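J.: Give the three-dimensional model of this entry:
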Amino acid sequence: MAAPLSALTEMPEPQQVYAADGTRLATYTWGDPDAPVVVAVHGFASNARDNWVLTGWVRDLTHAGYRVLALDQRGHGLSEKPHEASAYGIRTLATDVESVMDTYLVDDAFYVGYSLGARVGWEVVRDLPHRIGRAVLGGVPDGVPLARLDLGQVRAFLADGTPVTDRTTQNYIALTERVSGNDLRSLLALAEGMRSSGTVDPDPTDAPARPILFATGSKDAIIEGSRALASAAPQGRFFEIPERNHFNAPGSRAFREAALDFFAEV
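T.: Numbers count the residues shown, from 1 in each chain. Next up is the predicted model:
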């Protein structure tokens with residue numbers, strides 16, 4: 001008998017993990033505690049439920065015999081939401097994931113991340129090659145982080161309601177408003193923190209050495225940047241998610257199946 005839809009989208013009680021700087025992070029687990037672990041890290045303006053539960057990832061991963069460990073990244077979901085840009089450097093976000101793995105005593109895992117979670121994953125896989133066997137990085141571009149977001153228009157919108165005219169920025173704000181619990185001020189701080197260096201990130205000259213599947217939608221403007229990163233990674237490969245853009249790619253069945261096939265190669 002098929003499980004009711006409500007059962008497929010229920011969230012476990014969040015377990016709080018404290019990051020290195022004391023920020024509280026909401027974390028979640030599904031599946032057999034003794035099963036191989038997949039660490040799942042969501043994208044910008046999303047959260048664990050929106051990115052991984054509602055799209056079928058948790059269902060498919062647990063049915064395939066994995067334990068899923070996910071977190072709401074700082075600034076998202078039920079985690080703390082600082083308003084200072086200094087709280088959101090890429091190294092801080094990567095260290096948050098490492099702190100979650102340490103707290104759960106996870107020494108060996110696969111990794112799946114989308115968009116911001118994929119960018120963070122690039123750092124985590126590079127930092128912890130002895131702990132991350134394989135990774136799936138979806139919707140990750142090369143270039144300056146969140147460069148397409150017009151920060152000035154977001155600031156004006158927050159300050160006095162000035163309408164946002166930039167189409168990409170409109171899409172990001174719509175995404176922020178769609179996901180319950182989002183705080184636009186904290187997400188603006190995140191974008192400012194990620195872009196503060198003004199340098200290219202991820203750095204294709206310092207790519208992680210572990211096997212990585214890069215996956216990006218065929219209708220996503222960043223697809224060629226993602227291909228370039230796949231080519232730069234020593235054990236990288238690329239999967240084009242058919243008929244998907246940046247915002248709806250996580251829900252693709254083809255994407256999930258490609259990830260499961262990639263993990264099963266071990």
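J.: for this protein, which spans come out with low pLDDT?
T.: Counting by pLDDT under 70, the chain shows low-confidence ranges at 1-8, 144-145, 197-200.
J.: list the buried ones in the longest helix seen in the chain?
T.: The longest helix of the chain (DSSP state H) is helix 90-103. Neighbour counts over helix 90-103 (16 or more other C-beta atoms under 10 Å) mark Ile90, Thr92, Leu93, Ala94, Thr95, Asp96, Val97, Glu98, Ser99, Val100, Met101, Thr103 as buried. All C-beta atoms are positioned from the backbone trio N, CA, C, and that covers glycine.
J.: nearest to Thr168, of those residues?
T.: Ile90 (20.5 Å; C-beta to C-beta).
J.: Am I right that the closest one is in contact with Asp201?
T.: Yes - assessed by C-beta atoms under 8 Å, Ile90 is found in contact with Asp201 at 6.3 Å.
J.: what's the helix or strand for Val154?
T.: Assessed by DSSP states H and E, Val154 sits inside helix 151-160.
J.: Can you list the helices and strands that that helix packs against?
T.: For helix 151-160, the packing partners by 3 or more C-beta pairs under 8 Å, 6 or more residues apart in numbering; DSSP states H and E come out as helix 167-178, helix 184-195.
J.: now do 7 Å
T.: Counting contacts by 3 or more C-beta pairs under 7 Å, 6 or more residues apart in numbering; DSSP states H and E, helix 151-160 is packed against helix 184-195.
J.: show me what contacts Gly139?
T.: By C-beta atoms under 7 Å, 6 or more residues apart in numbering, the contact set of Gly139 is Gly43, Tyr114, Ser115, Ala118, Thr216, Asp220, Ile222, His246, Ala249.
J.: Narrow those to those that are buried.
T.: Buried, going by 16+ other C-beta under 10 Å: Gly43, Tyr114, Ser115, Ala118, Thr216, Asp220, Ile222, His246, Ala249, out of those.
J.: The helix or strand harbouring the fourth one relative to helix 90-103, how many degrees between them?
T.: With secondary structure defined by DSSP H and E, Ala118 is part of helix 116-127. Compare the direction of helix 116-127 with that of helix 90-103 by axes from the mean of the first three to the mean of the last three C-alpha atoms, to 10 degrees and you get 70 degrees.
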